[in-house]
Structures are given as structure tokens and as C-alpha cells.
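Trainee: Got a predicted structure plus its sequence, pasted below:
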Amino acid sequence: LADHVLRRFGVDVEYYPPLEGAELEARMRPNTRLIWCESPGSITMEVQDVPVIAEVAHRHGAIVALDNTYAAGIYFDAFAHSVDVTMQAITKYIGGHSDLILGSVTVRDMALYEKLGRVHGLLGLGVSPDDCSLALRGMQTLAVRLSALEISALEVARWLAVHPAIATVLHPALPSCPGHPNWTRDFTGSASLFSIVFVEGTQRDTILGFIDALALFKVGFSWGGVTSLAVPGFDLKRSYETGYGDRLVRLNIGLENVSDLISDLDQALTGAGLGSPRQGPEHAS
């Protein structure tokens, strides 16, 4: 969108490493109007220092917009952390059942609301009553689903963290995730989405074999629903070097029995020739 649409309208776009906070000061220009954040990032899972980013932006008269889908508007209070515009993919946690395509934009003040509302009307954007009813249905179970997903995702992530085939688990609630101190300071919970990075030397075909061997996990790029999903993070285009190469796989943990999910991961890793898990103290029976 930024590269192929905004630039056509004369909008300059610069990408920045997500863990930059105060360092953004050096990137600000006289014509900087907006800093866009996604925290955590939905693939590489970096948790940004949003309050510091907002401080830099506001000092230069720029707006801060945040994709707050991961936190579902519950685990991270965007406006309390000085964000001006927050966006959510309602498709994910609020919808909750992978049967809705919907988004939301919420703003801090009336001036921004009037600007966005005017553009919204001129573009003829609208939402069907049926889509609204699905979002309202999802909100009735949002809290209990998020709680269950958090517990299951953490159990799976901790199991994977001691597996010899896995170099890093990128789960915001674990110290191995970039920006984990920001998550600890600013968030009140974690969700179902995280990524794993296989050890160096793991071949692309081996990772594809692991994904193909999964039985309960389906292959899918969306997340936030009741079904567990896996998708390879190959050929990611980033303006900074993560060091992950083609060794990243993103997982969405659903509402299946967590023991069944771990068994599925275990058999798929073993079937792909990636060994058996080590026994850490928190996993010993």
C-alpha cells in the first residue's frame, strides 16, 4: 500500500527498524506527518517502545497510528500510551471464527474523527449489517477466548523453546522475543500468535516438510480464530536484517486441546528429521 499507492500521490515513505525508539529523532523531517506502528509485529513479533515513539512524533507535530490487532484493544491501551489513531483487523480476535472480513479505526479526538469521517464518506466505504452482527457476536466471547488462547499459546511456546530444532521462540511474553521488556511494561496479556526460528542450517525443504506433516495445524496466513495455523515466513522483505533467513514459521494457536497440539508438533518435527524435544524443568513429568 505504501509503496504502490501512497507514492503515486506524492507521499514519501521511509521504513524504520521496529525497535527504534528515541533513534527516530534522526529520521524526522519537516514534512513528516505520520509514524505507523505495529506492536508486536505480526510475523517477526518485535514489541515496539510506543510511548517513546509517540513522544518523538508529537514533538515534531506528527501523528502516531498503531495496528493494535494483536492486543485486540484489551491487552494494550493505545490511547493511554499516547497513540493518536488505532486500527484493528476485526477479522482476527473480535470476529474470532475466521468468517468475517472487517476492520476498525478509532481516534483520540474529534478533529481526527472529522478528517477520517469525511474521507470515509467520500470513498463510499460501508459495512454490511451481517458483518456487524458477526463482530458483535464475537465480542460476547472475546475475553474468554483470549484467556484460553493465551494459556495454550504460552504452553506450546515454552515446549518449543526447549526443542533442539528451534533456535528462538518469538513470543512477546518470553524473554527471547525482541522488545520483551516493552511488552512487560506496557501489556496486560499475550495472545495466540508467535513465531519460531529453526536452528541455522535447517533447509527450506525440511521446514516445508515439517509444515506438511502437521495434522491439526492447518496452513493459513490469517490468525485469531479457533483453528491452529502454521505458515512459513519465507522471502520476507524487511528494511533491516533479522538474521532469520528462511528459518521462520509463524504459528497461530487455536482452541484445540493443547496436549493434542503439542503432540502434533512433536510428530511433525520428528517426521521431518528434526529430533525430539529436550526435557526442561518446567516440562518434566
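Mentor: Everything's here; your move.

Trainee: counting contacts, what elements does the helix or strand of the chain at the bottom of the mean pLDDT ranking pack onto?
Mentor: Sorting the helices and strands of the chain by mean pLDDT, DSSP states H and E puts helix 110-123 at the bottom, at a mean of 90. When contacts are defined as 3 or more CB pairs under 8 Å, 6 or more residues apart in numbering; DSSP states H and E, helix 110-123 packs onto strand 103-107. Yep, even glycine has a C-beta here, placed from its N, CA and C like the rest.

Trainee: The strand it packs on pairs with which strands, parallel or anti?
Mentor: Here strand 103-107 is paired, per DSSP bridges, with strand 85-89 (antiparallel).

Trainee: what angle separates the strand it pairs with from helix 110-123?
Mentor: Counting by axes from the mean of the first three to the mean of the last three CA atoms, to 10 degrees, strand 85-89 lies at 50 degrees to helix 110-123.

Trainee: Can I get strand 85-89 in PDB? Just the C-alpha atoms.
Mentor: Extracted in PDB, the C-alpha atoms of strand 85-89 (Å, rounded to 0.1, in the frame of the first residue of the first chain):
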ATOM      1  CA  VAL A  85      -5.100   6.600  15.800                       C
ATOM      2  CA  THR A  86      -5.500   2.900  16.400                       C
ATOM      3  CA  MET A  87      -6.500   0.300  13.800                       C
ATOM      4  CA  GLN A  88      -7.700  -3.300  14.300                       C
ATOM      5  CA  ALA A  89      -8.400  -6.100  11.900                       C
END
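
Trainee: what comes up buried for that strand?
Mentor: 85, 86, 87, 88, 89 (16 or more other CB atoms under 10 Å).

Trainee: Same check on stretch 187-204?
Mentor: 187, 189, 190, 191, 192, 193, 194, 195, 196, 197, 198, 202.

Trainee: hey, where'd the strands end up in the stretch 101-250 of the chain?
Mentor: Along the stretch 101-250 of the chain, the segments classed as strands by DSSP state E, counting those that start in this stretch run 103-107, 166-170, 193-198, 218-219, 229-232, 248-252.

Trainee: Tell me which of these sits most buried.
Mentor: strand 193-198 (a mean of 24; mean count of other CB atoms under 10 Å).

Trainee: Give me the sheet partners of that strand and which way each runs.
Mentor: Short version: by DSSP bridges, strand 193-198 pairs with strand 166-170 (antiparallel), strand 248-252 (antiparallel).

Trainee: gap between the first one and the chain center?
Mentor: Read it as strand 166-170. For strand 166-170, the separation from the chain centroid amounts to 16 Å (computed by CA atoms, centre = their mean, to the nearest Å).

Trainee: what helix or strand does the residue nearest the centre of the chain sit in?
Mentor: Nearest to the geometric centre of the chain sits residue 42, at 2.6 Å (CA atoms, centre = their mean). Using DSSP states H and E, residue 42 maps to neither a helix nor a strand.

Trainee: same deal with residue 264?
Mentor: helix 258-271.
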